[in-house]
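**Student:** Next input, structure requested:
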Amino acid sequence: MSQKLLSVIIADDDRLVLKDLTHLVDWKSLGFQIKSTAVSGEQALGLVHKYKPDLLITDIRMMGMDGLTLIEETHRLYPETKFLIISAYHE
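**Tutor:** Residues are numbered from 1 along each chain as shown. Predicted coordinates:
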């Protein structure tokens, strides 16, 4: 019997961070499947509508829609989604 993998979307405006997060972690062994990545909050919200992920990993600061707004919108629409915030800022 195979275990259902939890779906994940990663949003960060730094493409290197997206690449590293996607490829340096063995997501499958941890029970996750990366459904897609986004370079903006707007793009991520579209993917959230498409995939309804179990987990949304987002940068807190992005151009346009920031990570906090993305989380608020996602939580309003899909309250069962969990969130992980990442940031390279010191504040």
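**Student:** hey, where'd the strands end up in this structure?
**Tutor:** 6-11, 32-38, 55-59, 82-86 (DSSP state E).
**Student:** How many neighbouring residues does Tyr78 have?
**Tutor:** 15 (other C-beta atoms under 10 Å). (C-beta placed from N, C-alpha, C; glycine too.)
**Student:** list the contacts for the closest residue to it other than its chain neighbours?
**Tutor:** Take Tyr78 and drop its neighbours on the chain: the residue closest to it by C-beta to C-beta, 6 or more residues apart in numbering is Lys52, 5.6 Å away. The neighbourhood of Lys52, defined by C-beta atoms under 8 Å, 6 or more residues apart in numbering, consists of Ser7, Tyr78, Thr81.
**Student:** Would you convert the strands of the chain into TSV that also reports distance to Asp66, mean neighbour count and mean pLDDT?
**Tutor:** TSV is the format used below for these (distance: least, C-beta to C-beta, whole Å; neighbours: other C-beta atoms under 10 Å; pLDDT from 0 to 100):
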stretch	distance to Asp66	mean neighbour count	mean pLDDT
strand 6-11	10	22	98
strand 32-38	13	19	97
strand 55-59	8	23	97
strand 82-86	11	13	96
